[in-house]
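Colleague: sequence unknown, structure follows:
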């Protein structure tokens, strides 16, 4: 969804724990600044990284750039969010806005192309939620364009040819479970891609076994 003007908020995600390790650790979101364009926000991020390196600061967990529409009541709805690794390398982005238009309608999600799916089913990831990062495992990836077309076809068959189920930003998500969910597969989450980061610390054999068992139990439930 396009707007006449936006503001781009650069957020640095800092470690709260002195010695972060899995299965879970705490982080803080810290606003670096708000900028008039994505390019300026990204340059500010690069400048921040250079300054931190110059004084010998440890790298942060990562960065987010959140885009908000100006001059409208946007609350916490974003036009876009982009995630970046500690060195400023682009990681992922949301594909559709979750900001309703003037008629209250949401931008439609038509599927995430394979080239924009960074993690596969079975991948261990860091799941960033609020102020906590948790070792998790991916069970399902976002709908592809082909899967969305199938959803549209099934909804038309069920409700009539004039009907089409519309997906929105909330449907552009992964499905994950945490490392210790082997006995309770109802506690899955649906994070956006910008909330998932690649592993950066060692994972013990014990945690890998727990994740593998949680994944096995979760996937088996879909066989019923």
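Modeller: Yep, it's here. Nothing here was measured: the structure is a model prediction, and the numbers come from that model.

Colleague: For the closest residue to residue 189 other than its chain neighbours, which three-state class applies?
Modeller: Closest residue to residue 189 apart from its sequence neighbours, by Cβ to Cβ, 6 or more residues apart in numbering: residue 176 at 5.4 Å. Quick note: C-beta positions are derived from backbone N, CA and C, even for glycine. Three-state call for residue 176 (DSSP: H, G, I helix; E, B strand; the rest coil): strand.

Colleague: and if you look at residue 170?
Modeller: Applying three-state DSSP to residue 170 yields a three-state assignment of helix.

Colleague: Report the contact partners of it.
Modeller: 98, 190 (Cβ atoms under 8 Å, 6 or more residues apart in numbering).

Colleague: And for residue 91?
Modeller: Contacts for residue 91 (Cβ under 8 Å, 6+ apart) come out as 62, 82, 83, 84, 85, 118, 194, 197.

Colleague: swap in residue 126?
Modeller: Contact analysis of residue 126 by Cβ under 8 Å, 6+ apart lists 133, 134, 135, 136, 196, 197, 198, 199, 200.

Colleague: ok, of those, which one's closest to residue 209?
Modeller: Distance to residue 209 across those (Cβ to Cβ) is lowest for residue 135, with 12.5 Å.

Colleague: Pull the number of nearby residues for the closest one.
Modeller: Applying other Cβ atoms under 10 Å, we find 23 residues neighbouring residue 135.

Colleague: The one 4 residues further on too?
Modeller: The burial metric for residue 139, expressed as a neighbour count using other Cβ under 10 Å, is 20.

Colleague: switch to numbering from 27
Modeller: Done: numbering now begins at 27, and the last item shifts to residue 165.

Colleague: What confidence value was assigned to it?
Modeller: Per-residue pLDDT puts residue 165 at 96.

Colleague: How much space separates it from residue 174?
Modeller: Note on residue 165: its distance to residue 174, by Cβ to Cβ, to the nearest Å, is 19 Å.

Colleague: quick one: buried residues of stretch 109-116?
Modeller: Neighbour counts over stretch 109-116 (16 or more other Cβ atoms under 10 Å) mark 109, 110, 111, 112, 114 as buried.

Colleague: Where do the helices of this structure begin and end?
Modeller: All helices of the chain, identified by DSSP state H, fall at 64-80, 171-185, 231-246.

Colleague: Please name every helix or strand in contact with the first one.
Modeller: The contact analysis (3 or more Cβ pairs under 8 Å, 6 or more residues apart in numbering; DSSP states H and E) places helix 64-80 against strand 32-41, strand 50-61, strand 88-95.

Colleague: For that helix, what is the distance to the chain centroid?
Modeller: Helix 64-80 sits 22 Å away from the centroid of its parent chain (Cα atoms, centre = their mean, to the nearest Å).

Colleague: next one: the second one
Modeller: The chain centroid and the centroid of helix 171-185 are separated by 25 Å, computed with Cα atoms, centre = their mean.
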